[in-house]
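In: Here is my input; please provide its structure:
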Amino acid sequence: MLDIIRKASLGAVSNANPMAVMYGTVLNNQPLEINIDQRFTLPASVLVIPETISKLTAEENGTTVTGLRIGDRVLLLRVQGGQSYVVLDRLVNSV
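Out: Here you go, the predicted structure:
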C-alpha cells in the first residue's frame with residue numbers, strides 16, 4: 001500500500017512540472033549539439049528545431065551563415081520527461 005501511495009505522489013510531482021526553460025550553448029552545428037549549463041550535451045536526436053531557427057542568418061567573415069553557429073546561446077524548452085528539447089530562439093546580448 002505504501003509503495004502505491006509513493007508512486008502516485010511521484011507521478012503528481014512530475015505532472016506539476018511538465019516543462020522547464022533552459023539555456024544552452026551551441027557546441028557543434030553539423031551535427032547540432034547543444035551544451036546545457038556545462039553539465040550535459042544534447043545531441044541532434046533529442047532537439048526539435050522550428051523552421052524559424054533553421055532559417056536564421058548572420059554575417060560571418062563576409063559570408064552569410066544560415067542556422068545556428070558554434071558559440072550561439074539558445075533558449076530551450078525541456079518537454080516533460082526530458083526526452084526532447086525544443087530550441088525556442090537564439091539569444092542576443094543586450095546593449
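In: Give the partner strands of the lengthiest strand in the chain in its sheet and their orientations.
Out: Assignment by DSSP state E gives strand 19-29 as the longest strand of the chain. If you go by DSSP bridges, strand 19-29 pairs up with strand 32-36 (antiparallel), strand 73-79 (antiparallel).
In: Most tightly packed of those?
Out: Among the strands paired with strand 19-29, the stretch with the highest mean neighbour count (mean count of other Cβ atoms under 10 Å) is strand 32-36, at a mean of 18. Backbone N, C-alpha and C define where each C-beta goes, glycine included.
In: And the next helix or strand past that one?
Out: strand 40-43 (DSSP states H and E).
In: Off-centre distance for that next one?
Out: Offset of strand 40-43 from its chain centre (Cα atoms, centre = their mean, to the nearest Å): 9 Å.
In: likewise stretch 33-46?
Out: With Cα atoms, centre = their mean as the basis, stretch 33-46 stands 7 Å off its chain's centre.
In: ok, now stretch 33-50?
Out: Distance of stretch 33-50 from the chain centroid (Cα atoms, centre = their mean) equals 5 Å.
In: follow-up on the earlier one: and the longest strand of the chain, what's buried?
Out: Buried residues in strand 19-29, counted by 16 or more other Cβ atoms under 10 Å: 22, 24, 25, 26, 29.
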